[in-house]
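[1] Have a look; sequence and predicted model below, questions after that.
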Amino acid sequence: MRLNEFAPDLTPLDMAASQEFASLLQSATDLAIPHTPSVRYRSRHTVIRHQRFHFSEWGDPGKPQILLLHGGNQSSHSWDLVSLHLADRYHVFALDQRGHGDSEWSPELDYSIDAMVQDVVAFIADRQMDRPLVFGHSMGGRIALTLATENPDIARAFVIVDVGPEITLEGTKTIQNFVVQNIEFDDLEVFLDNVVKYDPFRSRVHIERTVKYNMIRRVDGKYVSKVDHRRLPVRNRDLTLDHVRTIACPVLVLRGAESNILAPDAAERFAAALPDGVLITVPNCGHNVHSGNTLGFLDAIGPFLDRVDPRPA
């Protein structure tokens with residue numbers, strides 16, 4: 001049983017009158033996130049590369065486009081507060097990647113970065129995007145960086161969140177251990193307790209409002225993580241500093257001050273290797289920068305957005 005509402009078929013579902021949107025607005029108010037309550041927000045599906053993909057669409061067509069790529073074992077809804085804020089200025093697409101959220105699982109169990117990059121290329125074409133600004137967090141950031149090195153003209157700029165060519169083994173193991181230990185539960189309260197311990201920068205109230213996007217209820221009554229756990233670890237081609245030196249467009253690198261994934265010195269080397277790179281460390285958050293300190297995240301990206309997409313005079 002699904003715990004969240006989404007489009008039942010290829011017909012877009014207007015989410016503006018849903019209880020889920022009302023809950024999001026409450027979180028935005030609680031966290032003092034600047035937003036417009038009357039934004040356009042749709043749940044949608046499309047079929048690309050023989051698979052069905054779910055995505056959330058925010059804002060009005062005709063505005064500059066942004067594509068948001070979530071981290072592993074998360075979903076497009078991890079970007080909801082950011083999408084809500086940006087929707088007044090941008091046409092925002094937040095994609096549920098293969099095997100995540102409300103998108104279809106891969107029949108071939110192909111969850112390689114290469115496959116996901118091909119999905120993104122196809123999705124950009126399917127939605128007729130014109131060089132969108134691409135945000136990527138964690139796994140989504142690796143997808144975005146690989147996309148940039150292989151398709152230099154596909155985007156006008158990138159925002160890479162708490163990932164880079166060099167990440168720590170300790171942080172990777174922390175994430176892997178959390179995922180393995182949080183697959184199924186009899187009681188959602190246990191999962192909530194675990195998330196609060198893992199990511200203490202988010203309030204329990206906010207986590208309670210978003211847990212429906214991460215879990216599904218099986219016919220036996222158990223709650224299970226809404227990710228394809230059949231997927232096998234796949235070693236993708238290495239992403240090195242030499243690779244990112246080829247990215248000519250502007251790139252903003254954001255690091256969580258308390259992150260154990262992207263170390264300070266590795267973040268500095270990453271930004272220095274980029275021909276047009278900027279590094280900002282966001283305080284009071286760990287790896288999940290955009291949800292752990294959403295207001296700090298928005299403050300950090302503001303000047304970069306004004307540079308890439310100047311506001312009309």
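    Yep, that arrived.
[2] can you pull the contacts of the residue nearest the centre of the chain?
    In the chain, the residue lying closest to the centroid (Cα atoms, centre = their mean) is residue 70, at 2.1 Å. For residue 70, the contacting residues are 76, 78-79, 94-97, 100-101, 137, 139-140, by Cβ atoms under 8 Å, 6 or more residues apart in numbering. Backbone N, C-alpha and C define where each C-beta goes, glycine included.
[3] cool, and residue 7?
    By Cβ under 8 Å, 6+ apart, the contact list for residue 7 reads 13, 42-45, 54.
[4] Quick check: phi and psi on the closest residue to residue 127 other than its chain neighbours?
    Closest residue to residue 127 apart from its sequence neighbours, by Cβ to Cβ, 6 or more residues apart in numbering: residue 93 at 6.2 Å. Per-residue torsions, residue 93: phi -120, psi 120 (degrees, to the nearest 10).
[5] got it, and residue 48?
    The phi/psi pair for residue 48 (degrees, to the nearest 10) is phi -140, psi 140.
[6] For the protein, just list every one of the strands.
    Taking DSSP state E as the criterion, the chain carries its strands at 13-14, 41-48, 51-58, 65-69, 91-95, 133-137, 157-161, 184-185, 215-217, 223-225, 251-256, 277-282.
[7] could you pull out the helices for the stretch 101-250 of the chain?
    Counting by DSSP state H, counting those that start in this stretch, one finds helices in the stretch 101-250 of the chain at the ranges 113-126, 139-150, 169-180, 188-198, 204-210, 241-244.
[8] which outside residues touch the last one?
    Yep, that's helix 241-244 we're talking about. Contacts of helix 241-244 (Cβ under 8 Å, 6+ apart): 145, 148-149, 164-166, 251, 269-270, 273-274.
[9] Give the residue spans of the stretch 201-313 of the chain that score low on pLDDT.
    The model of the stretch 201-313 of the chain has pLDDT under 70 over residues 232-237, 313.
[10] can you check the stretch 51-200 of the chain too?
    Within the stretch 51-200 of the chain, no stretch has pLDDT under 70.
[11] Which one of the strands of the chain lies nearest to residue 23?
    strand 41-48 (12.6 Å; Cβ to Cβ).
[12] In that closest one, which residues are buried?
    41-46, 48 (16 or more other Cβ atoms under 10 Å).
[13] any chance of the residues you listed in JSON lines, plus distance to residue 116 and pLDDT?
    JSON lines is the format used below for these (distance: Cβ to Cβ, whole Å; pLDDT from 0 to 100):
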{"residue": "41", "distance to residue 116": "25", "pLDDT": "97"}
{"residue": "42", "distance to residue 116": "23", "pLDDT": "98"}
{"residue": "43", "distance to residue 116": "21", "pLDDT": "98"}
{"residue": "44", "distance to residue 116": "19", "pLDDT": "98"}
{"residue": "45", "distance to residue 116": "18", "pLDDT": "98"}
{"residue": "46", "distance to residue 116": "15", "pLDDT": "98"}
{"residue": "48", "distance to residue 116": "12", "pLDDT": "98"}
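[14] and which of the residues you listed is nearest residue 286?
    Closest to residue 286, out of all of the buried residues of strand 41-48 and judged by Cβ to Cβ, is residue 41, at 27.8 Å.
[15] roughly how far apart are the residue nearest to the centre of the chain and residue 20?
    Distance from residue 70 to residue 20, counting by Cβ to Cβ, to the nearest Å: 17 Å.
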